[in-house]
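Chemist: I'd like to go over a predicted model; first the sequence, then the structure.
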Amino acid sequence: MSKPIRFTKHARQKFDDLAEIGFIVTEEQVIDVLQNPESIDQDVSPPIAQKALTKRHLLRVVFVEDEDEIRVITFYPGRRNRYEDEV
């Protein structure tokens, strides 16, 4: 995915919301998930890209792609044992 990546207002707020509970996620990590996903769940709309962050957690990124850009709708950490077998 080499298109420009734009974060919605909600996605920008998510960085602060997660930091408040001690889960730091960077913009670079979110972009890395989009550019190098381990899997993409295309069975849902909008699709969700995901990639492992640690031995226990992965990062899931909900995005919309059109011909001009990729918009990050939201993102959230999840436990690997919950999501890795689904996709």
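Modeler: Thanks, I have the structure now. These numbers come from a predicted model, not from an experiment. Numbering: from 1, shown residues only.
Chemist: can you give me the strands in the chain?
Modeler: Assigned by DSSP state E, the chain shows strands spanning 5-7, 39-41, 48-52, 57-65, 70-79.
Chemist: Buried residues, the longest one. List them.
Modeler: Neighbour-count burial for strand 70-79 flags 70, 71, 72, 74, 75, 76, 77, 78 (criterion: 16 or more other Cβ atoms under 10 Å). (Each C-beta comes from the backbone N, C-alpha and C, glycine too.)
Chemist: what's in contact with that strand?
Modeler: Strand 70-79 is contacted by residues 1, 3-8, 10-11, 14, 18, 23, 25, 30, 33-34, 46, 50, 53, 56-65 when judged by Cβ atoms under 8 Å, 6 or more residues apart in numbering.
Chemist: centre of the chain versus that strand, how much separation?
Modeler: Here strand 70-79 is found 3 Å from its chain centre; the criterion is Cα atoms, centre = their mean, to the nearest Å.
Chemist: What strands flank it, and is each parallel or antiparallel?
Modeler: Each strand paired with strand 70-79, and its direction, by DSSP bridges: strand 5-7 (parallel), strand 57-65 (antiparallel).
Chemist: With mean pLDDT added, can I get the ones you listed in TSV?
Modeler: TSV is the format used below for the strands paired with strand 70-79 (pLDDT from 0 to 100):
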stretch	mean pLDDT
strand 5-7	98
strand 57-65	97
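Chemist: Now distance to residue 40 and mean neighbour count too, for those, in TSV please.
Modeler: Output for the strands paired with strand 70-79, formatted as TSV (distance: least, Cβ to Cβ, whole Å; neighbours: other Cβ atoms under 10 Å):
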stretch	distance to residue 40	mean neighbour count
strand 5-7	15	17
strand 57-65	9	19
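Chemist: Rebuild those as CSV, extending it with distance to residue 82.
Modeler: Listed next are these as CSV, based on distance: least, Cβ to Cβ, whole Å:
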stretch, distance to residue 82
strand 5-7, 25
strand 57-65, 9
